[in-house]
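Enquirer: I need the structure of the sequence given here:
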Amino acid sequence: MPRLPQSIEEARAAWRWRGGSRPPFAVVPADGQESVWDYPRPPALVSDARRVVVRCDGALLAETRRGLRLLETAHPPTWYLPLADVDRAALRATGPLSFCEWKGEAVGFDVVVGTRTLRRQAWAYPRVIDDAYIALTDAVAFYATGLDITVDGAPVRPQAGGLYGGWITPELVGPFKGEPGTSGW
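Expert: So this is what the prediction gives:
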């Protein structure tokens, strides 16, 4: 991998919490729970075989047991679903969306179901800047707001804040990045 620009190296180095220890305000997980404060930085990409179903107004957008969870300190996991398991006809490309110092430039998608359009509801990384995330080049993620999403039948709650796309499931404890008072994390 070629050397990254100085601005990306600086962004990567700026994070205080990196999953090595929990801050004093973090919720201690009970048996069967995960603390988002135990997730690493740089983020880890892990396979998850739980059944993920994504619907919009009853229409099936995605169903898979081949999800990838991106685990990043302080964030509920962002789930990436294989494009092969997604209704691509419901996705309309919108162009560049954001930039991540680990993954690179995200491209956005509107979700279009019937006469309803959810603007910039999904995103993907067709080209990544770090080989650790190469599996994302054939996957898409959805914001949970406005969609009906379940993981093994449990409803997903969206991560707070308009920028973040993490899915909060019952086994997770935080607090989570994006909630009030978390901008300094």
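Enquirer: mind listing the helices for the chain?
Expert: Along the chain, counting by DSSP state H, helices occupy 6-13.
Enquirer: Any idea which residue is closest to the centre of it?
Expert: Central residue of the chain (CA atoms, centre = their mean): residue 78, 1.9 Å from the mean position.
Enquirer: Grab the nearest non-local neighbour of that one.
Expert: residue 70 (4.4 Å; CB to CB, 6 or more residues apart in numbering). Every residue, glycine included, has its C-beta placed from N, CA and C.
Enquirer: Output stretch 145-155 as CSV, nothing but the C-alphas.
Expert: Written as CSV, here are the backbone C-alpha positions of stretch 145-155 (Å, rounded to 0.1, in the frame of the first residue of the first chain):
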residue,chain,number,x,y,z
THR,A,145,-33.4,5.6,10.1
GLY,A,146,-36.5,5.2,7.9
LEU,A,147,-35.9,1.5,7.3
ASP,A,148,-37.1,-1.6,9.1
ILE,A,149,-34.0,-3.6,9.9
THR,A,150,-33.6,-6.7,12.0
VAL,A,151,-30.6,-8.8,13.1
ASP,A,152,-31.7,-12.3,13.9
GLY,A,153,-35.2,-11.0,14.4
ALA,A,154,-34.2,-8.2,16.8
PRO,A,155,-35.1,-4.7,15.7
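Enquirer: which residues are contacting it?
Expert: Stretch 145-155 is contacted by residues 50-56, 61, 79, 111, 118, 121, 142, 156, 158, 167, 169-170 when judged by CB atoms under 8 Å, 6 or more residues apart in numbering.
Enquirer: next one: stretch 82-100
Expert: For stretch 82-100, contacts defined as CB under 8 Å, 6+ apart pick out 54, 56, 59-64, 66, 105-113, 117, 119-120, 122-125, 138-140, 163.
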